[in-house]
Each structure stands twice: as C-alpha cells, then as structure tokens.
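Chemist: sequence plus the predicted model coming up.
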Amino acid sequence: MSFELVARDKNSQARAGLLQTAHGEVQTPIFMPVGTAGSVKAVNQQELEAQVKAQIILGNTYHLYLRPGLSILKEAGGLHKFMSWNKPILTDSGGFQVYSLSHRRKMKEEGVTFQSHIDGSRHLFSPENVVDTQRIIGSDIMMALDECTPGTADYNYARSSMELTHRWLDRGLQRYNETEPLYGYEQYYFPIVQGCVYPDLRRQSAEYIASKDCAGYAIGGLAVGEPAEKMYEMIEVVNEILPLDRPRYLMGVGTPENLLEAIERGVDMFDCVLPTRNGRNASLFTKQGKINMRNKRWANDFSPIEAGGAADIDLLYSKAYLRHLFIADELLALQLASIHNLAFYLWLITEARKHIINQDFAEWKKQMISQWVKQ
C-alpha cells in the first residue's frame, strides 16, 4: 500500500491524498460506508458503487466471525468474493463491539472473552487470533485489537487500558509479521491510538504507535461520550505526532460537522453508521441541514428530495413520495433514504477534497457549517 499527499490547505491542517491498495485507489479524505456483516444496510453493492460512489467500505470482524463464520468466508475466498465487492475493504478488529457488550465480556491480558449477542456462546478475541481472523476475511486494511475506553473514564483506568492496548499491539504486530495473506494480495495493519481525553496519555500513545512504522494509523476511543470540543482537542494532540506521510483514520465519527472539523485537523479516513441509521429513521442530511421526512410539511411537497443532490434518486423522487413511503412503512423508504444520506456524505467528503486542492478548504468549511447552523 502506498499513500501520497497531493495537497495541503494553506490555512489549516487539511490534506488531500491518494491511497493505493490491491483493490484500487482511494482518494482522501474519504468516508467509508459501514458494511458491518458484509452488507451496508438497505443498500446493495451496485448502488454503493453507482449512486453512493463509495470507494472503500468497512466490515466488522466481530460480526463476520460470528456470522457467516470463518469457514464459509474462507471457502468463498474472502469477503470481497463472498459479497461481490471489488473495491477496498477495511475491517475493524471488533474491539468497539466488544466494548459495547460490557455486560457480556471480560478483559484480561490474554485478550477479551465475550458472549455472542446471537446465541450466548463464549469466545475469546486475542491480538493474535484477530489477525488470523482478518487474514481469513481478506480485508485490505486490518485493525489491531484494542480496548476502547468510554469518554468518561478516569485517568488511572485510561492509562491502564492504553498500556494494555500497547501490549496487545506488540503481540498483534508479531503475528501479522509472521503470517501471510491467504488470497494473493497484500493486507496492511493499522495500530490504534488510545488515551481517552487526557492529552499526556494521547501523546504517549501516539508516540508509541508511530514508532511501529506501520502503513497507517487510527485514532480510537473518541465520540464515546466526551464533548465534541474535547474530541477535536485530542485529534490535534495526536496529529502533531503521527507521521505526515501515512493515512490517519478517525474511527466511528461522525456527523457532517464532525467530519469537516476533523479534516481541518488533518484526518484522512472516517466511518460511521450515522448516515444509514438516520436514513432508516427518516432523517435526511442535506446541503441545507437535516430534515425529518415524517414531518407533515412534506405531504404535498412534490419538489425533488434534494435539488442538485448527490445521487440520481434525489431528482427522481419527491419529498411527498418519500414521506408517503415512510408513513406506509414501505421498505423502499429505508433504501432511498440510506442511499441519499450516504451519497450526501460522499459528496461532502469529495467537495472537501476539492477545496483542499483549491487551497480554500478552511473558508468553505466555515460556510458549510454556518449554513447548517442556520437551519
């Protein structure tokens, strides 16, 4: 994998880059639709490519490990072939999912034991077997196993958790270096910076992670309960240390405003379930702000979902029609709204890239956020 910086904004830390993988090129900054279990909810792969214009998607090790399971994925020749997706895939190690199962898991030095949310069966994720699992999945970018601490964690817990994540990283890197890809193309391993909301811990973690000379780096443990301003502060702290010539991935973030603020601070890659989750709940992101499609005000509005929107469907269907679909509980409503929101996110990130290259990102970003705030 190679990463080339194409441009940097003159008034911020925003960067535009090109990420080369075995399954194609990714233009950064980039947003990755979340295909947790080998499917982006309510959106098929053809729509992801043609309507959403996704360049890379995310899969989740925890969910894929449980279902369909490793034997089926290996027999299929990996996730790309299994789901008929020929572009890049990044897999989360499952650390965040295990974090969210606080009542079903136990952390220890060996790894994390947890109960399946499907049938209650017990499993162990270790730094080593998470690498083995992602080898079988066949993702282009694999994540290290980490412990994600809540944004409200106290200092001592955050430090202990960070140190555990570092020890796990060393073990995971060793396993990564002593194993080979299974399907004839290279896979790359990203460590994850932790440290909660404590600047000294974030610096310590970023320095430790950067010393491993990996293909890219992730920033984890944010957007988990801390104020947005604290999240932005931690991004600044970390990006002062992470290498300039490697991609930086902010995990699980976030709103359109979060994306632009993080891009301004030097982040290159994002993922979040928000666009599809909001879409399934009739909440649309638009260039003018958020709108609720169940609102009665749209009942007789036959204008496009969004004039000049990011996807073809924005002009094909009216607000009145989309509202009708939601009120009638038609499945097409979930599909159209999810496509719209994902296409908006990819449009937004593409526009951000254009303005970085044009050297006016900071000014454009202020205008966009000001426009949303007015709504």
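Modeler: Cool, the structure landed. Numbering: from 1, shown residues only.
Chemist: OK, contacts around the nearest residue to Leu70 once chain neighbours are set aside?
Modeler: For Leu70, ignoring the flanking residues on the chain, the nearest one in space by C-beta to C-beta, 6 or more residues apart in numbering is Ile136 at 4.9 Å. (C-beta placed from N, C-alpha, C; glycine too.) For Ile136, the contact set (C-beta atoms under 8 Å, 6 or more residues apart in numbering) comprises Leu70, Leu73, Lys74, Gly78, Leu182.
Chemist: so where is this structure shaky, pLDDT-wise?
Modeler: 99-102, 374-375 (pLDDT under 70).
Chemist: domains in the chain, by residue range?
Modeler: The chain breaks down by automatic domain parsing into domains covering 27-271, 279-339.
Chemist: what about the last one, start to end distance?
Modeler: Domain 279-339 stretches 8 Å from its first residue to its last (C-alpha to C-alpha, to the nearest Å).
Chemist: likewise for the first one?
Modeler: Between the opening and closing residues of domain 27-271 there is a gap of 15 Å (C-alpha to C-alpha).
Chemist: gap between it and the chain center?
Modeler: 8 Å (C-alpha atoms, centre = their mean, to the nearest Å).
Chemist: can you check the last one too?
Modeler: Between the mean C-alpha point of domain 279-339 and the mean C-alpha point of its chain there is a distance of 24 Å (C-alpha atoms, centre = their mean).
Chemist: Pro181 touches Gln187, doesn't it?
Modeler: Yes - under the contact definition of C-beta atoms under 8 Å, Pro181 touches Gln187, with a separation of 5.1 Å.
Chemist: overlap of the contact sets of those two?
Modeler: In contact with both Pro181 and Gln187: Arg135, Gly138, using C-beta under 8 Å, 6+ apart.
Chemist: more neighbours: those two, which one.
Modeler: Neighbour count, other C-beta atoms under 10 Å: between Pro181 and Gln187, Gln187 has more, with 25 against 14.
Chemist: that one contacts Thr179, correct?
Modeler: No - using C-beta under 8 Å, Gln187 and Thr179 do not qualify as a contacting pair, with a distance of 9.5 Å.
Chemist: need the overlap of contacts for those two.
Modeler: Contacts common to Gln187 and Thr179, judged by C-beta under 8 Å, 6+ apart, are Arg135.
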